[in-house]
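[1] Sequence and predicted structure below; questions after.
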Amino acid sequence: MSRGRAASRPARLCFENVVQRFRLIRERPDTLREVFTRVFRHSSHYHDFEALKGVSFEIVDGEMVGIVGRNGSGKSTTLKIIAGVYRPTSGVVTVSGKVAALIELGAGFHPDLTGRENIVLNGLLMGLSKREIRAREERILNFAELGEFIDSPIKQYSSGMILRLGFSIAMEVDPDILLIDEILAVGDVAFQQKCLARIDDFRRRKTIVYVSHSATSVRQLCDRALLLHEGVLLADGPPDEVLAAYGEILHQPVGAT
Amino acid sequence: MRSLISEIVRNRELIWALALKELRVRYKRSALGFLWALLNPLLTMLILTVVFSTVMRLQIDHYAIFLLSVLLPWTLFSQSLAYGVESIVGNGELLKKVYIAKSVFPIAAVLSNVINFFFSLIPLVILLPLMRFPFHWTWIYLPVPLLGLVLFALGCSFFLAMANVFFRDVAHILQVVLSAWFYVSPIIYSLDFVPARYRFFFRLNPMLYLLNGFRLSIYYGLLPSLQSAAASLGCGALGLVLGYAIFRRYQDTLVFYV
């Protein structure tokens, strides 16, 4: 099993009994008036929802791990905890090294700025320094293949162009841990191939956590897979076994566990 | 407070880039571009001068300079708050995806208006000789009241940015509060115009202390007393400490509400 092989390498990422609880607000008291009426009526307007119910796993240096599970199983929550966006309700998360996320590329782009201006802003948002960005600008431009569009405002770009630029910047962040959330679904085949080649090159050196609904890509790319179901880690092992367990769950109706 | 300083130092390039972005976006695609930073306060000054000096006959020598000396810092303050209050909510989508120190957004909102403030001093400097008004040496004192005002604006922005995440009313309330605050602060008048028995209430307004140094050094050519300088810096420091303490208290939960 891959875990035995990996045991000698240092852990990059460790979840110990991680719980993420959300306060699900049925009707958000976005305004003060709603707060006042709630106080007077003594009605409760939320219930707690546990997106992760005590999840533990370890990912070692150089592994590429796929996370599979149905919608709402806690996959994206897991990625956001790794990225530091969410602070878990309880449990211990240890992350060593720089993390970059390919989650909804282009999240930090400003539509009125040009591609070139956005490279700088986005790079800074991802934790690069100005000097590092300048040194990588050439490579980013080459990979994104935007031609003369690079000096036009982003709002004139097609969604494929925004994706290409976002991916190029994220790959140049050169993180120790790369998080990928189902982004390759967009973009044309040629660019997908290019991205996959890039990811393949990356995984030789670094750690990747990959969230996907596509069983084929998990089987092809990953050394190991995790199966999340309603916030619980159901399986952890070689992709084939985990995907088989996932296949069984897929045919259950939602909420029947 | 130490954590704020280290966050600023660590993210200085990002804060600077965000502030410039704010300005660039504000003036992009307008024919006059950056000139608006100069024209805006000038036009406001023109309107207020016509109303208060010509129509209402306020007996103040060189009213335009009297007004502009505190109108420019007031604009810095009110615009900082107006941008600051939206700074977290406006970047909510980003905060949900990437980990970024949340404090960079209110700081960048204030910084962009500080830069804007320096540009808005240009028309004042041009206006002085045109109106045959002396350029007082006391201008060198300006960094002190500016520091007090910026710290105070920063504290308010931290608080407002956070409060607006939880209650979107805050942005609307702020508009009303700012326009009321403008009239109860000594901007279009000075404290001497207020009847003595009401002055006590006006002394509760921190703007009195924060703006005082600007008018003294630009218009009167005087240095403020030590107490007055201390009051201005004290208001700024207190505002920042309180505002940032509240911001820090809730900064980890806000991502669930933006």
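    In hand now; what should we look at? Numbers count the residues shown, from 1 in each chain, chains lettered A, B, ... in the order given.
[2] Which residue ranges of chain A form helices?
    Under the criterion DSSP state H, chain A contains helices at A:2-6, A:32-41, A:75-83, A:115-125, A:130-144, A:159-172, A:189-203, A:215-221, A:239-250.
[3] nope, the stretch 101-250 of chain B is what I was after
    According to DSSP state H, counting those that start in this stretch, the stretch 101-250 of chain B carries its helices in the segments B:104-130, B:143-166, B:169-184, B:199-202, B:206-215, B:226-250.
[4] what pLDDT, on average, does the longest one get?
    On average, the pLDDT along helix B:104-130 is 93.
[5] cool, the fourth one as well?
    Helix B:199-202 comes out with an average pLDDT of 90.
[6] can you list contacts of it?
    For helix B:199-202, contacts defined as CB atoms under 8 Å, 6 or more residues apart in numbering or on different chains pick out B:184, B:186, B:191, B:194, B:208. C-beta coordinates here come from the backbone N, C-alpha and C atoms, glycine included.
[7] surely the second one meets B:Leu210?
    No - applying CB atoms under 8 Å as the test, B:Pro186 and B:Leu210 come out as separate, 10.6 Å apart.
[8] Between those two, which has more neighbouring residues?
    Using other CB atoms under 10 Å in any protein chain shown, the more surrounded residue of B:Pro186 and B:Leu210 is B:Leu210, with 28 against 19.
[9] quick one, what contacts that one?
    B:73, B:77, B:145, B:148-149, B:152, B:232, B:235-236.
[10] got the contact list for B:Ala101?
    For B:Ala101, the contact set (CB under 8 Å, 6+ apart) comprises B:7, B:10-11.
[11] burial count for B:Val50?
    Neighbour tally, B:Val50, other CB under 10 Å: 13.
[12] circling back to that earlier point, output the helices of chain A in TSV, with distance to B:Ile65 and mean neighbour count appended to each entry.
    Below are the helices of chain A laid out as TSV (distance: least, CB to CB, whole Å; neighbours: other CB atoms under 10 Å in any protein chain shown):
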stretch	distance to B:Ile65	mean neighbour count
helix A:2-6	73	14
helix A:32-41	42	12
helix A:75-83	53	23
helix A:115-125	38	23
helix A:130-144	40	16
helix A:159-172	49	22
helix A:189-203	60	14
helix A:215-221	69	16
helix A:239-250	74	16
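[13] got JSON lines for these, with distance to chain B and mean pLDDT too?
    Below are the helices of chain A laid out as JSON lines (distance: least, CB to the nearest CB, whole Å; pLDDT from 0 to 100):
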{"stretch": "helix A:2-6", "distance to chain B": "26", "mean pLDDT": "45"}
{"stretch": "helix A:32-41", "distance to chain B": "5", "mean pLDDT": "68"}
{"stretch": "helix A:75-83", "distance to chain B": "5", "mean pLDDT": "91"}
{"stretch": "helix A:115-125", "distance to chain B": "4", "mean pLDDT": "91"}
{"stretch": "helix A:130-144", "distance to chain B": "5", "mean pLDDT": "92"}
{"stretch": "helix A:159-172", "distance to chain B": "10", "mean pLDDT": "85"}
{"stretch": "helix A:189-203", "distance to chain B": "19", "mean pLDDT": "82"}
{"stretch": "helix A:215-221", "distance to chain B": "22", "mean pLDDT": "86"}
{"stretch": "helix A:239-250", "distance to chain B": "26", "mean pLDDT": "91"}
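[14] Model confidence score at the closest residue to chain B within the stretch 51-200 of chain A, please.
    At 3.4 Å from chain B, A:Gly84 is the closest residue in the stretch 51-200 of chain A, using CB to the nearest CB. Listed pLDDT for A:Gly84 reads 90.
[15] got a list of what the spatially most central residue of chain B touches?
    Nearest to the geometric centre of chain B sits B:Phe77, at 1.3 Å (CA atoms, centre = their mean). Neighbour list for B:Phe77: B:149, B:152-153, B:207, B:210 [criterion: CB under 8 Å, 6+ apart].
[16] Out of these, which two sit at the greatest distance?
    Using CB to CB, the two most remote members of the contacts of B:Phe77 are B:Ala153 and B:Met207, lying 11.0 Å apart.
[17] Of these two, which one has the most company?
    More crowded of B:Ala153 and B:Met207, by other CB under 10 Å: B:Ala153, with 28 against 21.
[18] Not including adjacent chain positions, what is the nearest residue to that one?
    In this structure, B:Ala153 finds its nearest non-sequential neighbour in B:Ser80, 4.1 Å apart by CB to CB, 6 or more residues apart in numbering or on different chains.
[19] Make sure that neighbour is actually in contact with B:Val110.
    Yes - contact criterion CB under 8 Å: B:Ser80 and B:Val110 qualify, at 4.4 Å.
[20] intersection of neighbour lists for these two?
    Residues touching both B:Ser80 and B:Val110 (CB under 8 Å, 6+ apart) are B:150, B:153-154, B:157.
[21] Compare these and tell me which is most surrounded.
    Among the shared contacts of B:Ser80 and B:Val110, the one with the most neighbours (other CB under 10 Å) is B:Ser157, at 31 neighbours.
[22] isn't B:Asn91 right next to B:Phe105, touching?
    Yes - using CB under 8 Å, B:Asn91 makes contact with B:Phe105 at a distance of 5.3 Å.
[23] okay, those two: which has more neighbours?
    Counted by other CB under 10 Å, B:Asn91 and B:Phe105 do not tie: B:Phe105 has more neighbours, with 26 against 21.
[24] Cheers, nothing more for now.
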